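*Asks:* Sequence below, structure please.
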Amino acid sequence: MIASVVEIPHYRFNTTNYRQMWETGILKEGDRVQLIAGEIVQMAAMGTKHQACVARLTRFFVERLGDRAVVWPQNSLEISENSLPEPDLVLLKPRADFYETLQPRSQDALLVIEVSDSTVRFDREVKT
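*Replies:* Modelled structure (predicted):
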């Protein structure tokens, strides 16, 4: 018997679709997901070492940079029309409203940091 390979279509999401899923309750608080290259990807659980590292980095940059950058820990950054990842820490160009009225985009980022141990390959090959 010869097996045939069937391509299963994937539905690709964009940032508008993704935001609507949050607004309508399809995705809920506590859902640890992010939009990467049009796919909704579940994020790995954070251990205490990961959390402590992010906390240390946040303190370091807040103390050193003051008003010269917005320190944006574990919040989304719009990279493209189909990617809205949540890096562990982003340093953004300063804005008086702290990006309250506009989602930060890649051109607003001064530095993006991803703390990784168990997901290094995914972070380097896909998320980057």
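*Asks:* Please identify the helix or strand for residue 90.
*Replies:* strand 89-92 (DSSP states H and E).
*Asks:* So which elements touch that strand?
*Replies:* Using 3 or more C-beta pairs under 8 Å, 6 or more residues apart in numbering; DSSP states H and E, the elements in contact with strand 89-92 are helix 48-65, strand 70-73, strand 109-113. Glycine gets a C-beta too; all of them are placed from N, C-alpha and C.
*Asks:* who wins for proximity to residue 92 among the ones you listed?
*Replies:* Proximity to residue 92, assessed across the helices and strands packed on strand 89-92 by C-beta to C-beta, is greatest for strand 70-73 (4.1 Å).
*Asks:* List the contacts of the closest one.
*Replies:* For strand 70-73, contacts defined as C-beta atoms under 8 Å, 6 or more residues apart in numbering pick out 54, 57-58, 61-62, 65, 88-95, 98-99, 104.
*Asks:* Let's test this: mean pLDDT of the strand holding residue 90, rounded?
*Replies:* Strand 89-92 comes out with an average pLDDT of 98.
*Asks:* buried sites along that strand?
*Replies:* 89-92 (16 or more other C-beta atoms under 10 Å).
*Asks:* ok, now stretch 73-85?
*Replies:* Those would be 73, 76-79, 82-85, for stretch 73-85 by 16+ other C-beta under 10 Å.
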